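Asker: What follows is a predicted structure for the sequence shown.
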Amino acid sequence: MNVAARAVEQRINADHSDHTGPTVLCACGEPARYAGRHDKAFESVLGLLNLSRAYYHCPACGTGFCPRDRALGLQGESLTPGVLRMVGQVGARVSFEEGHELLTELAGLDISTKHIERAAEALGREIAQDERSGGETTPADQTVAPTLYLGMDGTGVPVRKEELVDRQGKQPDGTAKTREVKLVTVWSAEGRDEKGTPVRDKDSITYSAAIESAATRDTDEYSAEFVQRAVREASRRGFERADRRVVLGDGALWIWNIADECFPDAIQIVDLFHAKEHLWDVAKSIYGAGSELGSQWAKRRRDELDKGDIDAILVALSVHADTNDEARKCMGYMTRNRHRMAYPKFRAQGLSVGSGVVEAGCKTAVATRCKRAGMHWTVSGANAIIALRCCILSSRFDHFWVRRSKARHVAA
């Protein structure tokens, strides 16, 4: 590759057509003056390139630039676009140190761990901005699935101490060790398994996530950041154009608040597994972990839940509610969500009643990359890598890259 790199280097450096005259127009609209040729090293897929470029300086705004950098998509970069794509891919999937090792071993690129971190996070911030500006949407004339599911959940990510100042958490002393990433995911499930249960359609799932608040006060002028994110993702997928829209969640109040506010016509379903998990918690609290009596009690309640007999569950819980906090809390949970637990009705309509896609999404999109041993993130860094990872996992990276290239070409 070194031979190829030298050949490319010599060919580019022999071409002085980037010197187009004594002045060129600066981005500020004023003329920038030619100030000689400047050398800079760029890491390319062929190896290190030392390029000589015409340099112009603008007295009006005090900035300098090289037209060749703009033409090659290198402005502000020391990595060529091809290498930056590689850095984005490894930065989204593995630790920055592992990314350094992979690029060295597989591509012969010696890019420092810190450089990979800075470049991957910068790319992630570009993707986050592109997402906020509605960079990719489902065309209005494109058919969407008859039924679309939208799920939301949260998962903690370890962050640095300075990101936790004055924040309450679940530690024994009331402090926090993590910040919560909130995730929204959209998918379809038109396929069926041998039992007739809806199965997620291949390549139908997309993710969007960040460390953001979902709480909007009545006095706030705008909805909370995550509420806006959920609406953008729904719009991007054409959620409002589906014949049936379903919001799936674990029963957390913030999920249903967003559903009521932003998707009022959607069917709301509490994930069946989470509902059953609450009943198991009650059984363990009353009878003790591993108790046969507790197992029998929980099985009866689970069977009632499958049948949609919430009244029977509430009667069974009421027996223990005065003496057991878990039973009392579960009664409130079941009462609040009973209309979201009409499982026989939902199944008869061919709807999925499980949010396994969302649970898997928290692991796939967030935990696998951001919750590894020894990791402690800044909020900015975590959000950048999560944006990068969600973009890649949602099969949007190529489309983003095309938009990025076009925007830089126009700017040049």
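Answerer: Arrived safely, thanks for sending.

Asker: Please make it C-alpha for all contacts and neighbour counts, starting now.
Answerer: Noted.

Asker: show me where pLDDT drops low in the protein?
Answerer: 1, 138-141, 409-412 (pLDDT under 70).

Asker: Go through it and flag its longest strand.
Answerer: strand 31-44 (DSSP state E).

Asker: Which other helices and strands does that strand contact?
Answerer: Packing partners of strand 31-44 (3 or more CA pairs under 8 Å, 6 or more residues apart in numbering; DSSP states H and E): strand 23-25, strand 47-57, helix 81-93.

Asker: Distance to Ala275 and mean neighbour count added to the ones you listed, as JSON lines?
Answerer: Formatted as JSON lines, the helices and strands packed on strand 31-44 follow (distance: least, CA to CA, whole Å; neighbours: other CA atoms under 10 Å):
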{"stretch": "strand 23-25", "distance to Ala275": "64", "mean neighbour count": "15"}
{"stretch": "strand 47-57", "distance to Ala275": "56", "mean neighbour count": "21"}
{"stretch": "helix 81-93", "distance to Ala275": "33", "mean neighbour count": "21"}
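
Asker: Pipe those into TSV and attach distance to Glu212 per row.
Answerer: Shown next, in TSV, are these (distance: least, CA to CA, whole Å):
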stretch	distance to Glu212
strand 23-25	41
strand 47-57	40
helix 81-93	20
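
Asker: Just the CA atoms from the longest strand of the chain would do, formatted as CSV, please.
Answerer: What follows is strand 31-44, C-alpha atoms only, in CSV (Å, rounded to 0.1, in the frame of the first residue of the first chain):
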residue,chain,number,x,y,z
PRO,A,31,-11.9,37.7,-1.0
ALA,A,32,-9.3,35.5,0.5
ARG,A,33,-5.6,36.0,-0.6
TYR,A,34,-3.2,33.3,-1.8
ALA,A,35,-0.6,32.7,0.9
GLY,A,36,1.6,30.0,-0.6
ARG,A,37,1.4,26.2,-0.4
HIS,A,38,1.0,24.4,2.9
ASP,A,39,1.8,20.7,3.5
LYS,A,40,-0.3,18.4,5.7
ALA,A,41,-0.3,14.7,6.4
PHE,A,42,-3.6,12.8,5.9
GLU,A,43,-4.3,9.2,6.9
SER,A,44,-5.8,7.4,3.9
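
Asker: just checking, His38 touches Arg53?
Answerer: Yes - contact criterion CA atoms under 8 Å: His38 and Arg53 qualify, at 5.4 Å.

Asker: Strands of this protein, start to end?
Answerer: Under DSSP E, the chain gives strands at 23-25, 31-44, 47-57, 64-65, 147-158, 178-188, 191-192, 198-199, 206-210, 244-249, 267-270.

Asker: Now do the domain split for the chain, please.
Answerer: What automatic domain parsing lists as the domains of the chain is 2-78, 147-267+360-390, 274-340.

Asker: Dump the ones you listed to a markdown table, plus distance to Phe96.
Answerer: Shown next, in a markdown table, are these (distance: least, CA to CA, whole Å):
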| stretch | distance to Phe96 |
| --- | --- |
| domain 2-78 | 17 |
| domain 147-267+360-390 | 10 |
| domain 274-340 | 35 |
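
Asker: Quick one: closest of the ones you listed to Lys406.
Answerer: domain 2-78 (9.8 Å; CA to CA).

Asker: and the end-to-end length of the closest one?
Answerer: 18 Å (CA to CA, to the nearest Å).

Asker: ok, now stretch 199-219?
Answerer: End-to-end for stretch 199-219, by CA to CA: 42 Å.

Asker: Which residues outside it are in contact with it?
Answerer: By CA atoms under 8 Å, 6 or more residues apart in numbering, the list of residues contacting stretch 199-219 from outside reads 179-193, 222-227, 229-230, 233, 254, 361, 365, 379, 382-383, 386-387, 390-391, 393-395.

Asker: What subset of those is buried?
Answerer: 179-190, 223-224, 226-227, 229-230, 233, 254, 361, 365, 379, 382-383, 386-387, 390-391, 393-394 (16 or more other CA atoms under 10 Å).

Asker: How far away from the center of its chain is stretch 97-107?
Answerer: 24 Å (CA atoms, centre = their mean, to the nearest Å).

Asker: for stretch 37-56, same thing?
Answerer: 34 Å.

Asker: likewise stretch 83-101?
Answerer: Taking mean C-alpha positions (CA atoms, centre = their mean), stretch 83-101 and its chain are 17 Å apart.

Asker: Over to stretch 43-62?
Answerer: 34 Å.

Asker: for stretch 191-211, same thing?
Answerer: Worked out by CA atoms, centre = their mean, stretch 191-211 lies 17 Å from the chain centre.

Asker: Also stretch 187-196?
Answerer: 25 Å.

Asker: got the contact list for the nearest residue in space to Arg241 that is not next to it in sequence?
Answerer: Closest residue in space to Arg241, ignoring its immediate chain neighbours: Val144 at 7.1 Å, by CA to CA, 6 or more residues apart in numbering. The neighbours of Val144, taking CA under 8 Å, 6+ apart as the test, are Arg237, Gly238, Phe239, Arg241, Ala242.

Asker: What is the nearest of those residues to Ser352?
Answerer: Ala242 (15.4 Å).

Asker: Ala145 is in contact with that closest one, correct?
Answerer: Yes - with contact defined as CA under 8 Å, Ala242 counts as touching Ala145 (6.2 Å).

Asker: neighbour count winner among those two?
Answerer: Higher neighbour count among Ala242 and Ala145: Ala145, with 20 against 16, using other CA atoms under 10 Å.

Asker: Roughly how far does the more buried one sit from Ala215?
Answerer: Taking CA to CA, one finds Ala145 at 30 Å from Ala215.

Asker: same deal with Leu25?
Answerer: 47 Å.

Asker: quick one on the thing from earlier: kindly reformat the strands of the chain as a markdown table containing distance to Val402.
Answerer: Listed next are the strands of the chain as a markdown table, based on distance: least, CA to CA, whole Å:
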| stretch | distance to Val402 |
| --- | --- |
| strand 23-25 | 26 |
| strand 31-44 | 19 |
| strand 47-57 | 24 |
| strand 64-65 | 23 |
| strand 147-158 | 27 |
| strand 178-188 | 23 |
| strand 191-192 | 32 |
| strand 198-199 | 32 |
| strand 206-210 | 19 |
| strand 244-249 | 31 |
| strand 267-270 | 36 |
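
Asker: for the ones you listed, which one sits closest to Arg6?
Answerer: Of the strands of the chain, nearest to Arg6 by CA to CA is strand 47-57, at 7.3 Å.
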